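1. Can you look at this prediction? I've put the sequence above it.
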Amino acid sequence: MKDTEYIVGVYNYINASPEIHSDSAYYLLYLLDEKGLLDKSAALKLYEDRFKSELTSSDIHQNMIGPFSSTEALNQFAFQLCEELNAEKVSLLSVQEYNGLMESTQTASDFHRDLQEIGNVMENIERKKKGFLSRFF
């Protein structure tokens, strides 16, 4: 299986359940890779196993991953997902950043390049180390 080159996560700060008067939180809305929309099953499993707390049990949504209390928690989740999928890097963009990028780029290649450079970009250094060492062994 070919490793994922990059992952892009698009998030928003929303109140996902206003009917039960829940607090607003960060939710991951979309996951993309170089081929398009990424299957969320691995991300949902990672969230359930390592990030879901007892307090979030009533706030589950099939189309979103979360809630996350802060951007730091969202960053931790994104980096762990990057490691789990053996991606080279992960970039997190807010919905506003993503929409601005859609409006400002002229070509698909510019859009793909900017997706990897705009937002909070975290590189998977372990993947680079493994790739470098595999040349010798």
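-> Good, I have the coordinates. Everything numeric in this text was worked out from a predicted model, so none of it was measured.
2. all contacts plus neighbour counts: C-alpha atoms, from now on.
-> OK.
3. Quick check: end-to-end length of stretch 39-50?
-> For stretch 39-50, the first-to-last residue distance is 19 Å (C-alpha to C-alpha, to the nearest Å).
4. pLDDT of it, averaged?
-> For stretch 39-50, the mean pLDDT works out to 92.
5. Equivalent analysis for stretch 101-116, please.
-> Averaged over stretch 101-116, pLDDT sits at 91.
6. now the end-to-end length of it.
-> Distance across stretch 101-116, first residue to last, is 11 Å (C-alpha to C-alpha).
7. repeat for stretch 12-19
-> Per C-alpha to C-alpha, stretch 12-19 runs 19 Å from first to last residue.
8. what's in contact with that stretch?
-> Applying C-alpha atoms under 8 Å, 6 or more residues apart in numbering, the set of residues contacting stretch 12-19 from outside is 22-29, 59, 94-95.
9. in that stretch, what's buried?
-> Using 16 or more other C-alpha atoms under 10 Å as the test for burial, stretch 12-19 gives 12-13, 15-16.
10. Stretch 17-33 now?
-> Under the neighbour-count criterion of 16+ other C-alpha under 10 Å, stretch 17-33 has 24-28, 30-33 buried.
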